[in-house]
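Undergrad: Okay, predicted coordinates and the sequence, questions at the end:
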Amino acid sequence: MRQLILATAFIFLTAPALAEMPRIELTASFHRIDAEVAADQRSRMQGLMMRKSMPANQGMLFVFPRAERHCMWMRNTFIPLSVAFLDEQGKILNIENMQPQTENNHCAAAPARFALEMNHGWFAEKGVKAGHRIGGVERSPSPR
């Protein structure tokens, strides 16, 4: 019972933070993406945790302070996701598929400045691959 109360409190306490995340319109080829932006440490750590679903063509753009070989994992994330690691210009370095509630590291193949999480299989379904460019990342907020 105590765990249920703590989990419920966590959801209610973090919900306002999620609602406050800025949004940005991105493009992948001719596909439009409505992305929440995680540009500070708190929102990058929260990511898409505790969510039960995500609408089609929506995602989350992680903006990192420096281009490094960043890694993602799926602790407390309930939906399967695909993540594209992007360089400074938005070019996709690699795409990794991630399973819910796992702690496996999914890492950038080279120094990445951004990561874009979408519903599992979104990139493959749209024919978006490594080497393609995600448009609009240059308009993202500066990382904090």
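TA: Arrived safely.
Undergrad: Let me know the secondary structure of the residue nearest to N119 when sequence neighbours are not counted.
TA: Excluding the flanking residues, the one nearest N119 by Cβ to Cβ, 6 or more residues apart in numbering is M54, at 5.7 Å. (C-beta placed from N, C-alpha, C; glycine too.) Following DSSP: H, G, I helix; E, B strand; the rest coil, M54 is assigned to coil.
Undergrad: Would you check that G136 makes contact with I24?
TA: Yes. With contact defined as Cβ atoms under 8 Å, G136 reaches I24; the gap is 6.1 Å.
Undergrad: circling back: give me the number of neighbouring residues for the residue nearest to N119.
TA: 18 (other Cβ atoms under 10 Å).
Undergrad: The residue nearest to D40 when sequence neighbours are not counted: neighbouring residues, count only.
TA: In this structure, D40 finds its nearest non-sequential neighbour in R144, 4.1 Å apart by Cβ to Cβ, 6+ apart. Counted with other Cβ under 10 Å, residues neighbouring R144 total 11.
Undergrad: which ones are touching R144?
TA: Residues in contact with R144, defined by Cβ atoms under 8 Å, 6 or more residues apart in numbering, are A39, D40, Q41, P65.
Undergrad: How about Q99?
TA: Neighbour list for Q99: M74, P80 [criterion: Cβ under 8 Å, 6+ apart].
Undergrad: Against F123, how distant is it?
TA: 16 Å (Cβ to Cβ, to the nearest Å).
Undergrad: Pull out the buried residues from stretch 126-139.
TA: Neighbour counts over stretch 126-139 (16 or more other Cβ atoms under 10 Å) mark K126, V128, H132, R133, I134, G136, V137 as buried.
Undergrad: now, which of the residues you listed sits nearest A35?
TA: Closest approach to A35 among these (Cβ to Cβ): G136, at 8.3 Å.
Undergrad: what's the nearest residue to that closest one if we skip its chain neighbours?
TA: L26 (4.1 Å).
Undergrad: ok, now which ones touch the one you found?
TA: L26 makes contact with R32, I33, A35, G59, L61, L116, I134, G135, G136, V137, according to Cβ under 8 Å, 6+ apart.
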